[in-house]
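*Asks:* the following block contains a protein sequence and its predicted model.
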Amino acid sequence: MPGSPVATAFESLKVFDFEYAYLDSGAPASPNYTTWVFVHGMGFNAAVLEKLLPLARAHDLRIVSINRRGYTPSSGFQDNELTGIGSGKKIEDTEPFCRAQGVEIATFLVNFATEQGIPLADPDSRTGGIALIAWSLAGIHATALLAYIGEAPEDTQSTLQKYLHTILFHDASAHALGIPNTVVRRTGNIALVWSLSDDRKRLDAFFDFATAHYKHGSVASDNIDDLEFNNPSDIPPSLHELSYDERAKYTDLKAFSYTGCDGKLLFCDTTAFAALTKRALFDKARAEKLPNVRLRFMSGGTSSGALVWALWTLRKYAENSPKVLYGIDAEKARDIKFITQTEGNHFIFWEDPEKAIQQYGVAINL
């Protein structure tokens, strides 16, 4: 039944001194299957992607969903690890946190790949290996991996090159990409969400905003007036079939809170993530560390207009001159392509997991 939750059990993988919980569909029978590794966004944990797992083998896929640190049952953070992120923090403050998270995600991929014996990437057939799929705020963690992979141990770098062939950003936010919010007058509803001082009320409001569908005039026009930023359509929101208590399986109030890892990330100065994105996407020297990794950006057809606009904006500068947005030394350095889907909201993997797999497959293979 499309609306029914799936029974899932977390497994655990050691990364340095930390435990990373994850979900795993298991290996298909094929000797050259591809592994898709998802990194979840803000407020929602790895279990929200669970409906994809039962479909994986039919598509010759292995699907893994990482539960980021700070989200139970993965290891939490010590207070000193979070001192560099928070309201107004800039790149010189955020760099230690972002570096650590990027290297940890890279190490998870290497440890998982080698311990599980997954197939190596085949660049000719585009089979095997790993496609990393960063959903929403996890765009920060994916850009951190790209920006700081050169600071991982040499064997981690060389091994990762044998497996990781694509990073797909699904509905990356403008904040995660370091894009200044020039559409603030259009984003009243989400601004009201962030203004709520009570963490529980704010998570509830964010849940309603993020899971909604937004009807756009066009997601392909590059005309901002075609996008709907505030008013959900009449389509029932994702996860609407869950009771209030059932939502707790898929959310994490502590991580989302103002003092939690993601609440603090949300209020860092946008320039911190502009610097991070420049290093990840528009720095030729850093790109040499993972020279064959292809970057793909995808937005949902009924996701919030703010997410579609973020993709449009990044595409404009990536395809023309990144210097305008990311600084005078920003230059084209990687294989980057974009796709605006015409169907599916921010939670398409929940509402229509089969369609989600099709969309991810198209985007990864652009």
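*Replies:* Received it, and whenever you're ready, just let me know what you need.
*Asks:* ok, Ser75 touching Tyr20?
*Replies:* Yes. Counting by Cβ atoms under 8 Å, Ser75 touches Tyr20, with 7.4 Å between them. Where you see a C-beta, it was placed from the backbone N, CA and C, and this is true even at glycine.
*Asks:* pick out whichever of these two has more residues nearby.
*Replies:* In this view Ser75 and Tyr20 are compared by other Cβ atoms under 10 Å, and Tyr20 has more residues nearby, 26 against 21.
*Asks:* check that one and give its pLDDT.
*Replies:* Per-residue pLDDT puts Tyr20 at 98.
*Asks:* quick check: bridge partners of it?
*Replies:* Leu13 (DSSP bridges).
*Asks:* tell me the helix or strand right after the helix or strand hosting Ala191.
*Replies:* Here Ala191 sits within helix 188-195, counting by DSSP states H and E. Remark: after helix 188-195, the chain's next helix or strand is helix 199-211, criterion DSSP H and E.
*Asks:* could you check the angle the helix or strand of the chain with the lowest mean pLDDT makes with helix 199-211?
*Replies:* Sorted by mean pLDDT, DSSP states H and E, the helices and strands of the chain end with helix 188-195, the least confident at a mean of 75. Per axes from the mean of the first three to the mean of the last three Cα atoms, to 10 degrees, the angle that helix 188-195 makes with helix 199-211 is 150 degrees.
*Asks:* other SSEs contacting helix 188-195?
*Replies:* Helices and strands touching helix 188-195, by 3 or more Cβ pairs under 8 Å, 6 or more residues apart in numbering; DSSP states H and E, are helix 199-211.
*Asks:* show the contacting residues for Ile91.
*Replies:* Thr271, Ala272, Ala275, Leu276 (Cβ atoms under 8 Å, 6 or more residues apart in numbering).
*Asks:* show me which of those are buried.
*Replies:* Among the contacts of Ile91, those scoring as buried are Ala272, Ala275, Leu276 (criterion: 16 or more other Cβ atoms under 10 Å).
*Asks:* with distance to Thr342 and secondary structure as added columns, please give the residues you listed in CSV.
*Replies:* Shown next, in CSV, are the buried ones among the contacts of Ile91 (distance: Cβ to Cβ, whole Å; DSSP: H, G, I helix; E, B strand; the rest coil):
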residue, distance to Thr342, secondary structure
Ala272, 33, helix
Ala275, 33, helix
Leu276, 30, helix
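*Asks:* ok, those vs Ile167, which is closest?
*Replies:* Proximity of the buried ones among the contacts of Ile91 to Ile167 (Cβ to Cβ) peaks at Leu276, which lies at 13.9 Å.
*Asks:* okay, now the spatially closest residue to Leu145 that is not a sequence neighbour: neighbour count?
*Replies:* Closest residue to Leu145 apart from its sequence neighbours, by Cβ to Cβ, 6 or more residues apart in numbering: Gly102 at 4.2 Å. Counted with other Cβ under 10 Å, residues neighbouring Gly102 total 24.
*Asks:* helix, strand, or coil at Gly102?
*Replies:* Here Gly102 is helix, with the state taken from DSSP: H, G, I helix; E, B strand; the rest coil.
*Asks:* in the stretch 201-350 of the chain, which spans are strands?
*Replies:* For the stretch 201-350 of the chain, the strands defined by DSSP state E, counting those that start in this stretch cover 294-299, 335-340.
*Asks:* quick revisit: thought Gly150 was touching the residue nearest to Leu145, still the case?
*Replies:* No. Assessed by Cβ under 8 Å, Gly102 is found out of contact with Gly150, at 10.1 Å.
*Asks:* so Lys89 is in contact with Thr271, correct?
*Replies:* No. Between Lys89 and Thr271 there is no contact under Cβ under 8 Å: 9.8 Å.
*Asks:* in the stretch 51-200 of the chain, which spans are strands?
*Replies:* With DSSP E, counting those that start in this stretch as the criterion, the stretch 51-200 of the chain has strands at 61-66, 130-135, 164-170.
*Asks:* which one of the contacts of Ile91 is nearest to Asp93?
*Replies:* Nearest to Asp93, judged by Cβ to Cβ, of the contacts of Ile91 is Ala272 at 7.3 Å.
*Asks:* tell me how far that closest one lies from Glu104.
*Replies:* Using Cβ to Cβ, to the nearest Å, Ala272 is found at 19 Å from Glu104.
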